[in-house]
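Q: Got a predicted model here, sequence first, then my questions.
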Amino acid sequence: MHPRRQSRIELLSQHVAAQPLREDVVAEEYDYFAHTGELPDDQRLAVAVVDLALRGGPAPVREELSPQALAELIRSIAEWANKSEAEPEPPARPSLRPILFHEALHGDDLERQAARLALRIEVHRGGDVASPAFLADRSPPEHACLGLHLIGFPERLAKPPYVEQARRLIESYRELRARIDHDDPEWFAPIADAIPRFRRHGELPDDELVQASVLADGELLALIANYCGHGDPEILAAFDTAANADDATRGAALARLQELAREGRLLPEIE
């Protein structure tokens, strides 16, 4: 293609991408999401749909209240206020809904797939994505990814011949969760930064807690790959060896994992 023509096409594409999304298109995709839990593939459209869900869905058509209906509404509000003063409600649990939406929009490949599958399952069960009560009956995960937790991981990973390894990893996640300072809003930042460095280049952080979290993430990914039919016995054995190594053999076990990472083998297919 001629460079000038290619430049014009790129400018046209940028111009189209900068245009505001049509409200009827967003509304149509939102309606589909609300009924199926399936987000559109287009990222801008998916973000708009989730934003609409977080706002409670499309604004209802306003209707004029009759004097009788208005009086009934005022009475109901007064009764609710009196009840609230007499019986204070317990503190609400943090909402998991925006976390799942974030994973479905901005997570890595594994997180996005898991979160979008979880959304479809929850909507199929009758969940209302526009309601603040969506996922209110669900517990938070003991590992980093909410979507995986909602579809039954990591418990589902206890699949022969790696049952004991999976159970050991699940327990290590519980221990890591207890050690993390969740009051620190930036607690996950160093872990998030270190995970791709290890997966792609074999780099391991010096901080012991961050390193343990990175290794747990890599082993979890390897077990998920095995669950999906793409397991690599050598990688799984290397993680298990590193986890069970004593001080004298741990260095060699970690070096083998780093070598596997540099070969690109810690990024398995998870389709």
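A: Cool, got the structure.

Q: In this protein, which residue is most central in space?
A: The residue lying closest to the centre of the chain (C-alpha atoms, centre = their mean) is Glu103, at 3.3 Å.

Q: residues in contact with that one?
A: Glu103 is in contact with 111-112, 114-115, 145-147, counting by C-beta atoms under 8 Å, 6 or more residues apart in numbering. C-beta here means a position set from N, CA and C on the backbone, and glycine is covered the same way.

Q: which one of the residues you listed is nearest Ser95?
A: Ranked by distance to Ser95 (C-beta to C-beta), the contacts of Glu103 are led by Leu146 at 11.2 Å.

Q: how deep is that closest one tucked in, by neighbour count?
A: 25 (other C-beta atoms under 10 Å).

Q: What of Ala248?
A: Counted with other C-beta under 10 Å, the neighbours of Ala248 add up to 7.

Q: need the contact list for it.
A: Not one residue lies near Ala248 by C-beta under 8 Å, 6+ apart.

Q: and after the helix or strand of the chain with the lowest mean pLDDT, which helix or strand comes next?
A: When the helices and strands of the chain are scored by mean pLDDT, DSSP states H and E, helix 3-18 comes last with a mean of 52. Per DSSP states H and E, the first helix or strand lying C-terminal to helix 3-18 is helix 23-36.

Q: secondary structure element for the closest residue to Val129 other than its chain neighbours?
A: Excluding its sequence neighbours, the residue lying closest to Val129 (C-beta to C-beta, 6 or more residues apart in numbering) is Ala53, at 4.6 Å. Using DSSP H and E, the element containing Ala53 is helix 43-54.

Q: all helices of the stretch 51-200 of the chain, in order?
A: Using DSSP state H, counting those that start in this stretch, the helices of the stretch 51-200 of the chain run over 67-86, 97-106, 109-124, 146-150, 163-179, 189-201.

Q: wait, which of those helices is closest to Thr241?
A: Set against Thr241 and scored by C-beta to C-beta, the helices of the stretch 51-200 of the chain come closest in helix 163-179, at 10.5 Å.

Q: tell me which residues in that closest one are buried?
A: 165-166, 169-170, 172-173, 176 (16 or more other C-beta atoms under 10 Å).

Q: now, which of these sits nearest Gly251?
A: Nearest to Gly251 among those is Ser172, at 19.4 Å by C-beta to C-beta.

Q: Is it correct that the closest one is in contact with Ser213?
A: No: contact criterion C-beta atoms under 8 Å: Ser172 and Ser213 do not qualify, at 9.6 Å.

Q: returning to what we had before: make TSV from the buried residues of helix 163-179 and add distance to Gln258 to it.
A: Rendered in TSV, the data for those read as follows (distance: C-beta to C-beta, whole Å):
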residue	distance to Gln258
Gln165	20
Ala166	23
Leu169	19
Ile170	24
Ser172	19
Tyr173	22
Leu176	20
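
Q: I'd like to know which of these is nearest to Ala189.
A: Checking the buried residues of helix 163-179 against Ala189 with C-beta to C-beta, the nearest one is Leu176 at 15.6 Å.

Q: which residues touch that closest one?
A: Applying C-beta under 8 Å, 6+ apart, we find Leu176 in contact with 209, 212-213, 216.
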